[in-house]
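A.B. asks: just a sequence and a predicted model for now, questions to come.
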Amino acid sequence: MKCAAVLGATGVLCAILCACQRGPVAPLGLPPPPGTASTAQADLGRKLFMDRRLSANNTMSCAMCHVPEQGFAANELGTAIGVNGRSLRRNAPTLLNVAYVGSLFHDGRESTLERQAWAPMLNAAEMGNRSVQSVAAKIGAMPDYAGRFEAAFDGRGPDRATIGAALAGYQRTLVAANARFDRWRYGHDAQALDGAEQAGFAVFAGKGRCIACHTVGARAALFADGAFHNTGIGWARSQAPPRRTAVRLADGVFAELDERDLRAVSDPPQADLGRAEVTHAPADRWAYRTPSLRNIALTAPYMHDGSLATLEEVIDFYQRGGIDNPLKDRLLQPLQLSEVDKRNLAAFLRSLTGDNAVALARLARRERIDHPIPVAPSAGLAVRVDAVPK
């Protein structure tokens, strides 16, 4: 059967099969993507990702926490803000290269992007929807989605499977590699990294011991081991909240607030046991998934709680060997890095930005975000979405 001779839904299926037979193209520095979606599915997923109407009150989209221009993370906030201004426990992780992540969320509680996509939509503090059925019915009633699901999923409308698959399909397109490091190590371009960056990689792979968790292979580098480690940050927060907290007001502008000030304007601190909340194993308390270091220059602040604002702070944290506690990972030991070593290491980390990260953000912003708000029969007048700050 020749693909060009087949029309309609069968033609889409044939195109996908032909692509699978050729095999997905591996971007420089990464292995072949572990899953693909049709163009129609990924485009539909991008539309859903950017659509605030997926939240209960029509104000929160996936892109509100995973901001395309900020490495599909959130630079302004240590921990994310959900529906109606609710405080969340953890930092919004980047979605760049999430296709390669086997254990999703900081605690690894989901194993597929299809299931992961529903977690924030149904979380009362994140997007606040009451059920899968309510989300599917809402999407199905929106004129701008008419026929989109049916075209992408062989006649099947919006439901748990197709909505999850569309969002997952889009997220799997967020592959950002071919960084300058990749061109140097895997493309054999000796000029792609300068001397300081090459020295920084030597620190990374040598006395800095970063490579023990942020793995680099002979043909590709995920810069993550897929495992969970206790660095001490979660443990320290569980012992006592910081007496004073630096709150970012603008780029480079911070105000220090004490506990009394914070209680007046925020929810009380929430307990967080990390991986142990999934496994129920005491030994997993305060362990969190190793994040990839790819595109790390775009995705500050760092750690599962966003408590470290800069790469320099992260390096200093590991220089000290993390925070001692009874369950701290044995891999963490104090380092003996000079100031030059630390500067070179930071320079190397900034060489890990994929050359298409900006293009991925621009593509996301092609989606319309000022849709009319659907009005439930008993809801009265709706608030226009363009009245909500962007």
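C.D. replies: Structure's in. What do you need?

A.B. asks: show me where the protein dips below the pLDDT cut-off.
C.D. replies: 1-24, 241-243, 267, 375-390 (pLDDT under 70).

A.B. asks: what ranges do the helices span in the stretch 151-300 of the chain?
C.D. replies: 160-171, 180-185, 195-205, 233-239, 259-265, 276-279 (DSSP state H, counting those that start in this stretch).

A.B. asks: export those helices to JSON lines and tack on distance to Arg90?
C.D. replies: Placement of C-beta: from N, CA and C, glycine included. Shown next, in JSON lines, are the helices of the stretch 151-300 of the chain (distance: least, C-beta to C-beta, whole Å):
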{"stretch": "helix 160-171", "distance to Arg90": "18"}
{"stretch": "helix 180-185", "distance to Arg90": "28"}
{"stretch": "helix 195-205", "distance to Arg90": "26"}
{"stretch": "helix 233-239", "distance to Arg90": "10"}
{"stretch": "helix 259-265", "distance to Arg90": "17"}
{"stretch": "helix 276-279", "distance to Arg90": "11"}
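
A.B. asks: Gln41 is nearest to which of those helices?
C.D. replies: Ranking the helices of the stretch 151-300 of the chain by proximity to Gln41 (C-beta to C-beta) places helix 160-171 first, at 4.2 Å.

A.B. asks: got the contact list for Ala346?
C.D. replies: The contact partners of Ala346, by C-beta atoms under 8 Å, 6 or more residues apart in numbering, come to 200, 311-312, 315.

A.B. asks: can you give the domain ranges for the chain?
C.D. replies: 3-14+29-176+356-387, 180-349 (automatic domain parsing).

A.B. asks: CA atoms only for stretch 293-300, dumped as PDB, please.
C.D. replies: Extracted in PDB, the C-alpha atoms of stretch 293-300 (Å, rounded to 0.1, in the frame of the first residue of the first chain):
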ATOM      1  CA  LEU A 293      20.000  19.500  33.500                       C
ATOM      2  CA  ARG A 294      19.200  20.100  29.900                       C
ATOM      3  CA  ASN A 295      18.000  23.700  29.400                       C
ATOM      4  CA  ILE A 296      18.700  24.400  33.100                       C
ATOM      5  CA  ALA A 297      19.700  28.000  32.400                       C
ATOM      6  CA  LEU A 298      16.100  28.700  31.400                       C
ATOM      7  CA  THR A 299      14.300  27.000  34.300                       C
ATOM      8  CA  ALA A 300      15.300  28.800  37.600                       C
END
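
A.B. asks: quick check: the gap between Arg183 and Thr112.
C.D. replies: 32 Å (C-beta to C-beta, to the nearest Å).

A.B. asks: before we move on, back to that, from the contacts of Ala346, which land in helices?
C.D. replies: 200, 311-312, 315 (DSSP state H).

A.B. asks: pull the most distant pair out of those residues.
C.D. replies: Going by C-beta to C-beta, the pair spanning the ones in helices among the contacts of Ala346 furthest: Gly200 and Glu312, at 12.7 Å.

A.B. asks: burial check on the closest residue to Leu273 other than its chain neighbours, number of neighbours?
C.D. replies: Spatial nearest neighbour of Leu273, excluding adjacent residues (C-beta to C-beta, 6 or more residues apart in numbering): Arg285 at 5.1 Å. Using other C-beta atoms under 10 Å, Arg285 has 20 other residues around it.

A.B. asks: so what's Arg285 up against?
C.D. replies: 230, 234-235, 273-276, 327.

A.B. asks: how about His66?
C.D. replies: Taking C-beta under 8 Å, 6+ apart, one finds 49, 72-74, 92, 94-95 in contact with His66.

A.B. asks: how far away is it from Ala236?
C.D. replies: For His66, the distance to Ala236 - C-beta to C-beta - is 27 Å.
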